[in-house]
Structure formats: structure tokens, C-alpha cells
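[1] The sequence and its predicted three-dimensional model are supplied below.
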Amino acid sequence: MRTQRDERRLGAAELGTDPGERATLVQFSSAFCRPCVATRRILAEVAAMVDGVAHVEIDAEERLDLTRGLGIEQTPTVLVLDAAGRIVRRATGMPRKADVIAALGAAV
């Protein structure tokens, strides 16, 4: 996952649900994306392991405004948000569990 500090903040209005208290794993997916299924499982497992971390999945096609506004070009794309909702990491493709855990270190 590459580092990307972004001063924009994503909150409940953009995410469609409350963000995590410590960090949020945001997954942009599409209906026919096979790697999105595995990514969903990985992110849900990591979120369950770390207190205060939430996993939010966003359908890229349904939320085209947000998808385009954030420069999401492929699915899955994962954003790691800190407690303030700032993007601290971004990755495309199916992440490895160890990489997700390491990326959370930049957020919490």
C-alpha cells in the first residue's frame, strides 16, 4: 500500500455509515469483480482483529461521484483512513493481509 496523505476527510456522509473510532478500511468494489470478494474477506478479518477499526465497502458504480472525486480507477481499491477521516494509504488490487495490518500502523 502506498502512502498518500490527503487533507480531504471522509466521514459518515461520504461513507454511508459511521467510520471506525481509530481507523477505517474503505473498499471500492464493483459487482463483477472477483478479487473484490477476497478483498472483502481480508479487510473484514483485519477489522475484526483490531479494536476501533471499521470496514466499509462502497459500490463504485452506485457512488460514481465519490469514486471519480477520489480518483478511483479500478476495483478493488482500498483506502485506509485515520481517526479524522484522512486518507493515509491507498492500494489497488487485492491486498495481502500483512500489508493491510502494516498500513493500519500509519492510521492508528
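    Nice, thanks for sending it over. Numbering: from 1, shown residues only.

[2] Show me where the protein has its strands.
    Using DSSP state E, the strands of the chain run over 2-9, 23-29, 53-59, 77-82, 86-92.

[3] Low-confidence regions, the chain specifically.
    Residues of the chain that meet the criterion pLDDT under 70 lie in 1-7.

[4] pull the longest helix from it.
    Across the chain, the longest stretch assigned as helix under DSSP state H is helix 34-49.

[5] quick check: angle from it to strand 23-29?
    When axes from the mean of the first three to the mean of the last three CA atoms, to 10 degrees is applied, the directions of helix 34-49 and strand 23-29 differ by 170 degrees.

[6] Helix 34-49: which residues count as buried?
    If you call a residue buried by 16 or more other CB atoms under 10 Å, then helix 34-49 has these buried ones: 36, 39-40, 42-43, 46-47. C-beta coordinates here come from the backbone N, C-alpha and C atoms, glycine included.

[7] circling back: I'd like to know which of the strands of the chain lies nearest to residue 68.
    strand 23-29 (11.0 Å; CB to CB).

[8] Can you pull the phi/psi pair for the closest residue to residue 21 other than its chain neighbours?
    Excluding the flanking residues, the one nearest residue 21 by CB to CB, 6 or more residues apart in numbering is residue 52, at 4.0 Å. Taking degrees, to the nearest 10, you get phi 80, psi 10 for the backbone angles of residue 52.

[9] Okay then, goodbye and thanks.
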